[in-house]
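Enquirer: based on what follows, work out the 3D shape:
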Amino acid sequence: MKTIVVATDFSTGANRTVDFAIKMAHAQQAALAVVHAFHAWPTNPAETGIDAAFGSKALHDVCLRELNAVVQDLLERSGLNVPIRTVVQQGYTIPAVLDVVAREKADLLVMSTVGSAPQSAQLMGSVATAMISETTVPLLLIPPTATYTELKNVVLGIDLSIPTDAATLDTALRVASQFHCVVNLLCQYDQPVTAHIQTKAEHIRSLMRHIPHTLTILPGNDVYDTLINFAHTNKANLIMMLPQKHNWLRKLFVESTTEHTARLTDIPLLAIV
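Expert: Coordinates of the predicted model:
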């Protein structure tokens, strides 16, 4: 892992996530880009007497000063030496952050599950959960109560009722290898396990032969409760999920399993794309 991008809106949860990312970047010997996106409402110079371009530049500079101050404070508290770039990007949050991810050629994007409105995020989701269906790189979502610890014990949830994307699974295994972690593979199936399903699970396990792992198949269709309970029972410090691609209409009206889990989890969640 060479480059990590972390986004902040200067809220308490987001700045805690920057601290998490600093410690992760140090552990992974990676460079870190800390990004803040701002959107300046257009103004009518004739009415305000203020040039819109000048106002945007001034706002950019204010945000950059605040971002540098946040990063410097967190670095001093951590006592770590991490190569960090601060980036202030104008635009709506999701496209602005993704633009930075692309420019930085990032291997990982890190965001807080809640920003400036934590209660509404718990009920309806947040920019971070909306990012799951938009990101082009693995997305690590950090709950507000999580603190950094080495990611050594991971739960990877796989739904055996649908085909597993080989490329996405390969990405998950590469990330697990970089973390040098044990992967607890949780396969869920909402029907009695047949020989065919057992074979599918064993095939996935064969792909993981170079990574320390366990395999568990559990029945049921309540993915969130099953996954969270399993993660707590196994004292996992990271949950990995492989989000399924949905068409635009479904995304408008239906919350994905990964988004639902990310909205409610108290354990960091890594969405692999």
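
Enquirer: helix or strand with the lowest mean pLDDT in the protein?
Expert: helix 118-124 (a mean of 42; mean pLDDT, DSSP states H and E).

Enquirer: from the chain's centre, how far out does the helix or strand following that helix sit?
Expert: Toward the C-terminus, helix 118-124 is succeeded by helix 127-130 as the next helix or strand (DSSP states H and E). Taking Cα atoms, centre = their mean, to the nearest Å, one finds the center of helix 127-130 at 9 Å from the center of the full chain.

Enquirer: elements contacting helix 127-130?
Expert: Using 3 or more Cβ pairs under 8 Å, 6 or more residues apart in numbering; DSSP states H and E, the elements in contact with helix 127-130 are helix 93-104, strand 108-112, strand 139-142, helix 257-264. C-beta here means a position set from N, CA and C on the backbone, and glycine is covered the same way.

Enquirer: tell me what the helix or strand that comes right after the last one is packed against?
Expert: It stands for helix 257-264. Using DSSP H and E, the next helix or strand after helix 257-264 towards the C-terminus is strand 269-271. The helices and strands touching strand 269-271, judged by 3+ Cβ pairs under 8 Å, 6+ apart, are strand 139-142, strand 238-241, helix 257-264.

Enquirer: reformat the ones you listed as JSON lines; add mean pLDDT.
Expert: Listed next are the helices and strands packed on strand 269-271 as JSON lines, based on pLDDT from 0 to 100:
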{"stretch": "strand 139-142", "mean pLDDT": "97"}
{"stretch": "strand 238-241", "mean pLDDT": "95"}
{"stretch": "helix 257-264", "mean pLDDT": "89"}
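
Enquirer: distance of Ile239 relative to Gly157?
Expert: From Ile239 across to Gly157, the span is 7 Å (Cβ to Cβ, to the nearest Å).

Enquirer: same question, Val18
Expert: Taking Cβ to Cβ as the measure, Val18 falls 27 Å from Gly157.

Enquirer: with Ser78 instead?
Expert: 31 Å.

Enquirer: residue ranges for the helices of the chain, please.
Expert: For the chain, the helices defined by DSSP state H cover 12-28, 45-48, 52-78, 93-104, 118-124, 127-130, 166-179, 195-207, 223-233, 248-253, 257-264.
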